[in-house]
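[1] sharing a sequence plus its predicted fold:
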Amino acid sequence: MIAAALAGLGRAALGALAGLGRGALFAARATSHIVRPPFYPREFGQALLQIGWLSLPVVGLTALFTGAALALQIYAGSSRFSAESVVPTITAIGMVRELGPVLGGLMVAARVASSIAAEIGTMKVTEQIDALVTLSTNPMKYLVAPRLLAAVVSVPALVAVGDAIGILGGWLVGTGRLGFNAAAYLDNTWAYLEPCDVGSGLVKGAVFGAVIALAGCYAGMQSGRGAQGVGRATKSAVVLASIAILGSNYLLTEAFFRS
């Protein structure tokens, strides 16, 4: 029984490592196709619309309520130490460093990674990818590269907009519920917010965008036949993208703010 359990554990570990290797090779191939012709600007434009513009409402609403709730929580905690004046600063730093990029990335992953996986998985099931190969069109270049580039470009923009909306949510709560002066709140917000805080969030957004696109495309390309295969690919894309976002967020935070 012990040998069987160890053998099962070993098979699971080897399977995980093999999957990680396939994913790394897929990411390397997809990245290489971004910089090599031919290019498909129409596919890139459609992906930019789907990933960026159509994700703006859900990212904006998430950031608004997150910023408002964060201001309330920080006020409740800082009031125990008579330090209510730090609410604007901590709210802004928390949004641009962590909550804006991470929550924005997770919301985009839930919406976009599943959509990409379902679309590409359906194309595989209906043999449209085989038709692209028959027409001498590389599926990696036609399907994956435009989505990857669009995600890397659009997710940082979504993060920037989400940061601004989240700070606005904190300002609305701070001035409407907590009794802060509007001008003083904004002054305290910008006084201690540094360019590296904003820049780190935008870099995280670019990395999260790449993670989301690669997870969706990889799961779609690995989709099994039939409706069940597409459903499993969709679920795998969201889970993989979410875990990768949280893991890469820690690594990037460690790299930016180690000192």
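    Nice, thanks for sending it over.

[2] only C-alpha atoms, please: export stretch 150-165 in CSV.
    Extracted as CSV, the C-alpha positions of stretch 150-165 are listed here (Å, rounded to 0.1, in the frame of the first residue of the first chain):
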residue,chain,number,x,y,z
ALA,A,150,-3.5,42.4,-27.0
ALA,A,151,-3.5,41.2,-23.4
VAL,A,152,0.0,42.5,-22.7
VAL,A,153,-1.1,45.9,-24.0
SER,A,154,-4.6,46.2,-22.7
VAL,A,155,-4.4,44.8,-19.1
PRO,A,156,-1.9,47.5,-17.9
ALA,A,157,-4.3,50.1,-19.3
LEU,A,158,-7.1,48.4,-17.4
VAL,A,159,-5.0,48.4,-14.2
ALA,A,160,-4.3,52.1,-14.6
VAL,A,161,-8.0,52.9,-15.0
GLY,A,162,-8.9,50.6,-12.2
ASP,A,163,-6.4,52.3,-9.9
ALA,A,164,-7.9,55.7,-10.6
ILE,A,165,-11.4,54.5,-10.1
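
[3] residues in contact with that stretch?
    With Cβ atoms under 8 Å, 6 or more residues apart in numbering as the test, stretch 150-165 has contacts from 44, 47-48, 50-53, 55-56, 59-60, 62-64, 67, 95-96, 100-101, 103-105, 108, 112, 198, 201-206, 208-210, 212-213. (Glycine included, C-beta is placed from N, CA and C.)

[4] among those residues, which are in helices?
    For the contacts of stretch 150-165, membership in helices holds for 44, 47-48, 50-51, 56, 59-60, 62-64, 67, 100-101, 103-105, 108, 198, 201-206, 208-210, 212-213, with DSSP state H as the criterion.

[5] can you turn the buried part of the residues you listed into a ChimeraX selection?
    Listed next is the ChimeraX selection for buried residues among those, using 16 or more other Cβ atoms under 10 Å:
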select :44,47,48,50,51,59,60,62,63,64,67,100,101,103,104,105,108,198,201,202,203,204,205,206,208,209,210,212,213
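
[6] I'd like to know which elements the helix or strand encompassing Leu251 is packed against.
    Using DSSP states H and E, Leu251 sits within helix 226-256. Packed against helix 226-256 by the contact rule (3 or more Cβ pairs under 8 Å, 6 or more residues apart in numbering; DSSP states H and E) you find helix 100-108, helix 114-125, helix 195-221.

[7] run the last query once more with 10 Å
    helix 2-34, helix 100-108, helix 114-125, helix 195-221 (3 or more Cβ pairs under 10 Å, 6 or more residues apart in numbering; DSSP states H and E).

[8] and Arg232, how many neighbours?
    For Arg232, the neighbour count with other Cβ atoms under 10 Å is 17.

[9] the helices and strands packed on helix 226-256: which one's closest to Gly179?
    helix 100-108 (25.3 Å; Cβ to Cβ).

[10] distance from that closest one to the middle of the chain?
    Offset of helix 100-108 from its chain centre (Cα atoms, centre = their mean, to the nearest Å): 5 Å.

[11] okay, the angle between that helix and helix 226-256?
    Helix 100-108 runs at 180 degrees relative to helix 226-256, counting by axes from the mean of the first three to the mean of the last three Cα atoms, to 10 degrees.

[12] could you dump helix 100-108 to CSV, C-alpha only?
    Output in CSV follows, covering the C-alpha atoms of helix 100-108 (Å, rounded to 0.1, in the frame of the first residue of the first chain):
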residue,chain,number,x,y,z
GLY,A,100,-5.7,47.2,-8.4
PRO,A,101,-3.5,44.8,-10.4
VAL,A,102,-4.4,41.6,-8.7
LEU,A,103,-8.2,42.0,-8.5
GLY,A,104,-8.2,43.5,-12.0
GLY,A,105,-6.2,40.6,-13.3
LEU,A,106,-8.4,38.1,-11.6
MET,A,107,-11.6,39.7,-13.1
VAL,A,108,-10.1,39.8,-16.6
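
[13] quick one: mean pLDDT for that helix?
    Averaged over helix 100-108, pLDDT sits at 94.

[14] the inter-axis angle of it versus helix 195-221?
    Using the same axes, to 10 degrees: helix 100-108 against helix 195-221 is 20 degrees.
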